[in-house]
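1. Fold the following.
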Amino acid sequence: MSLKLTSMAFAEGGEIPLKYTCEGQDISPPLVWSGVPPNAKSLVLIVDDPDAPDPAAPKMTWVHWVLYNMPPSASALAEAVKQLPAGTLSGTNDWKRIGYGGPCPPIGRHRYFHKLYALDTVLPDLDKPSKALVEARMKGHVIAQAELVGTYRKRK
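-> Predicted coordinates for the structure are as follows:
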């Protein structure tokens with residue numbers, strides 16, 4: 001069984017509903033996963049947008065959410081999650097904040113990659129790390145991964 005990540009809010013490749021964006025309530029979407037390998041020691045979730053600032057000429061990947069050290073027994077994050085699974089630590093997004101920051105593209109339709117990784121280790125407490133630091137510490141420890149892509153274009 002392979003690691004699988006889904007959301008009841010949007011389908012793979014589908015549009016992320018307004019309420020999960022900066023034009024709505026800016027709350028995290030519900031996420032559910034299955035197929036965590038039995039030897040996994042922790043999970044990492046990274047949500048980012050490789051189309052920033054303009055999908056026609058992307059210059060950077062904008063980080064929306066970083067969670068690490070989620071227990072492998074966890075299988076979901078609720079909509080507008082307030083209580084993270086026990087032991088879960090948060091990294092810093094590109095707004096220099098902890099927690100979820102929803103889609104807010106300045107121009108065009110962007111893709112938002114929700115990436116879940118199963119690791120064979122628990123990472124040390126990295127004190128609100130960047131995505132780059134979490135990814136560096138994950139290197140050589142990823143035993144499974146899943147991805148869910150949603151899209152969004154501002155209405156206004």
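2. and the residue nearest to Pro85 when sequence neighbours are not counted, how many residues sit next to it?
-> Distances taken as C-beta to C-beta, 6 or more residues apart in numbering put Ala74 closest to Pro85, at 4.0 Å, once the chain neighbours are dropped. In this view, the C-beta of every residue, glycine as well, is placed from N, C-alpha and C. Residues within reach of Ala74, counting by other C-beta atoms under 10 Å, total 18.
3. now the one 5 residues further on
-> Residues contacting Glu79 under the criterion other C-beta under 10 Å number 15.
4. got it, and Cys104?
-> Counted with other C-beta under 10 Å, the neighbours of Cys104 add up to 16.
5. The nearest residue to it once chain neighbours are set aside: what's it in contact with?
-> Distance criterion C-beta to C-beta, 6+ apart; nearest residue to Cys104, sequence neighbours excluded, is Cys22 at 3.5 Å. Cys22 sits next to Gly101, Gly102, Pro103, Cys104 when contact means C-beta atoms under 8 Å, 6 or more residues apart in numbering.
6. hang on, the earlier thing: how much space separates the residue nearest to Pro85 from Thr21?
-> 25 Å (C-beta to C-beta, to the nearest Å).
7. No further queries at this time; thank you.
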